[in-house]
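Undergrad: predicted model and sequence below, questions to follow.
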Amino acid sequence: MKPAIIFFHTIDVRLNTGPDICDITPQLTHLIRESKIENGHLSATMVGSTGSLTTIEYERGVVEDLKRAINQLAPPGLEYEHEKAWHDGNGHSHVQAALMGPSIALQIRGGRLKTGTWQQVVAINHDNRARKRSIEVTITGTSS
């Protein structure tokens, strides 16, 4: 049996005022190559309470549809309890991020991320200001 490899890395992305969506698939693909893991598991977590990770078809229409849906789930401008305490205008950002979730888990097969043909991994900033986001990536598995 081959020994397991554990590989860690941080991806930093700059995102505009939310919801802003960025394709991070190329960075993840690069990390898989760098790790030399052929078969295993990739987990990634966005650090911060107003960011999230998911997969979509990263195409302009779908990106705009997702932004609209996010704003319909937790619209800016509603009365949020967070606003009463902090007065920072981002109560909706926290709720949006919580609904979407900060982490994603994906499989690696044959040295490649196991995604569908039109499926990309995206980072989302929900905050009411531009942010630099850190994404912690852990890749575990075996090499060939």
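TA: Structure's in. What do you need?

Undergrad: what about the longest helix in this structure?
TA: helix 60-73 (DSSP state H).

Undergrad: contacts for that helix, please.
TA: Helix 60-73 is contacted from outside by 19, 21, 56, 92, 95-96, 99-100, 124, 126, using CB atoms under 8 Å, 6 or more residues apart in numbering. All C-beta spots, glycine's among them, are computed from the backbone N, C-alpha and C.

Undergrad: count the neighbours of residue 143 for me.
TA: 14 (other CB atoms under 10 Å).

Undergrad: confidence score at residue 69?
TA: On pLDDT, residue 69 comes in at 97.

Undergrad: neighbours around residue 109, how many?
TA: Neighbours of residue 109 (other CB under 10 Å): 11.

Undergrad: please export the C-alpha coordinates of whichever strand or helix holds residue 12 as CSV.
TA: Taking DSSP states H and E as the definition, residue 12 sits inside strand 5-15. C-alpha atoms of strand 5-15 as CSV (Å, rounded to 0.1, in the frame of the first residue of the first chain):
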residue,chain,number,x,y,z
ILE,A,5,0.5,12.3,1.3
ILE,A,6,-0.9,15.4,3.0
PHE,A,7,-0.4,18.8,1.2
PHE,A,8,-1.4,22.2,2.5
HIS,A,9,-1.6,25.6,0.8
THR,A,10,-3.3,28.9,1.0
ILE,A,11,-4.9,30.7,-2.0
ASP,A,12,-5.4,34.4,-1.7
VAL,A,13,-8.0,36.1,-3.9
ARG,A,14,-9.2,39.7,-4.2
LEU,A,15,-12.9,40.1,-4.6
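
Undergrad: going along the chain from that strand, find the next helix or strand for me.
TA: The helix or strand immediately downstream of strand 5-15 is strand 20-23, counting by DSSP H and E.

Undergrad: sheet-wise, list the partners of that next one with their directions.
TA: strand 120-125 (antiparallel) (DSSP bridges).
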